[in-house]
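**Student:** Need a 3D model of the sequence below.
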Amino acid sequence: MVDVLPLVEARLRSALGEPDARAAVTFLGTDRIEVLRFAGEDGEGAIVRYATLGMSAHPMTDPTAMLADPVKGPRAELVLSVRAGLADTGKVLRPLAVLAASPQVEGVVVAPGASLDVGEPLWPGAPFTSVLVAEPGGLVEDLELDAPLDPVRFLPLLPMTPNEAAWKRVHGAQALQERWLTNGTDLRDPTRRSVPLE
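**Tutor:** Now for the predicted structure:
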């Protein structure tokens, strides 16, 4: 079996540069999940990006499947981008690791359009307790693996306020993203308010 994680870390480094910090979290009965922090710019100022490393070690399996396939199935890591210096976002490491461990712990398949809720603020004082999983491919390209392994997808996470998460459950992910776009919402602002939802 190929060890996927060194390849994943190499892809993250080539896309985001050298990590300036990393932390490891282990939950009972799961493999270790690391979260890497990368400092960068986006044209409007400093950005901090947090990427998980460990979620893609195993394929995600349908919780209704009788047997988990140890080889085939979607693989992913999570990437969160926030503006630097506006909030204490360093405390997001554990919530991110919790989300990255959810396929192992809860048997969920994390895919674009899904909502993931940590049940508490993503960092101290954060107006967000959940995230919307966005489409991959923009920031970090998919990592192709040798057949029959599925590629590793790097899924961006967009923080949602409780009102946005409730609205998304009714109207869908696409409608919420269109609402953000129409209102010029800065989804990287760790202190932003909920988008108007009337």
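
**Student:** Grab the CA positions of stretch 27-47 and hand them over as CSV.
**Tutor:** Below are the C-alpha coordinates for stretch 27-47, written out as CSV (Å, rounded to 0.1, in the frame of the first residue of the first chain):
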residue,chain,number,x,y,z
PHE,A,27,-8.8,10.9,19.0
LEU,A,28,-9.5,7.6,20.6
GLY,A,29,-9.7,4.9,17.9
THR,A,30,-8.5,7.1,15.1
ASP,A,31,-5.3,7.8,13.3
ARG,A,32,-3.4,11.0,14.1
ILE,A,33,-4.6,14.1,12.3
GLU,A,34,-2.2,17.0,11.8
VAL,A,35,-3.1,20.6,11.0
LEU,A,36,-0.5,22.6,9.1
ARG,A,37,-0.5,26.4,9.1
PHE,A,38,0.7,28.4,6.1
ALA,A,39,1.1,32.2,5.9
GLY,A,40,0.4,33.9,2.6
GLU,A,41,-1.2,36.9,0.8
ASP,A,42,-4.3,37.2,-1.4
GLY,A,43,-3.8,40.7,-2.9
GLU,A,44,-5.8,42.3,-0.1
GLY,A,45,-3.6,41.4,2.8
ALA,A,46,-2.2,38.6,4.9
ILE,A,47,-4.0,35.3,4.9
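
**Student:** Model confidence score at R192, please.
**Tutor:** Per-residue pLDDT puts R192 at 95.

**Student:** should've said D20
**Tutor:** As predicted, D20 sits at a pLDDT of 93.

**Student:** Would you mark the buried spots in stretch 174-193?
**Tutor:** Residues of stretch 174-193 classed as buried by neighbour count (16 or more other C-beta atoms under 10 Å): L176, Q177, R179, W180, T185, L187, R188, P190, R192. Bear in mind the C-beta positions are built from the backbone N, C-alpha and C, glycine included.

**Student:** how far away is the second one from L158?
**Tutor:** Q177 sits 8 Å away from L158 when distances are taken as C-beta to C-beta, to the nearest Å.

**Student:** quick one: common contacting residues for the two?
**Tutor:** Common contacts of Q177 and L158 (C-beta atoms under 8 Å, 6 or more residues apart in numbering): L132, A134.

**Student:** Pick the one among the buried residues of stretch 174-193 closest to D117.
**Tutor:** For these, the residue nearest D117 by C-beta to C-beta is L176; the value is 14.6 Å.

**Student:** Which residue ranges of the protein form strands?
**Tutor:** Using DSSP state E, the strands found in the chain span residues 21-25, 33-41, 46-53, 75-83, 115-117, 130-133, 152-160.

**Student:** Mind putting those strands into CSV with distance to L93 and mean neighbour count?
**Tutor:** Listed next are the strands of the chain as CSV, based on distance: least, C-beta to C-beta, whole Å; neighbours: other C-beta atoms under 10 Å:
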stretch, distance to L93, mean neighbour count
strand 21-25, 5, 15
strand 33-41, 5, 19
strand 46-53, 7, 22
strand 75-83, 10, 24
strand 115-117, 15, 17
strand 130-133, 14, 22
strand 152-160, 13, 24
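
**Student:** Could I get the ones you listed in a markdown table, plus columns for distance to A100?
**Tutor:** Listed next are the strands of the chain as a markdown table, based on distance: least, C-beta to C-beta, whole Å:
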| stretch | distance to A100 |
| --- | --- |
| strand 21-25 | 9 |
| strand 33-41 | 5 |
| strand 46-53 | 4 |
| strand 75-83 | 6 |
| strand 115-117 | 10 |
| strand 130-133 | 12 |
| strand 152-160 | 10 |
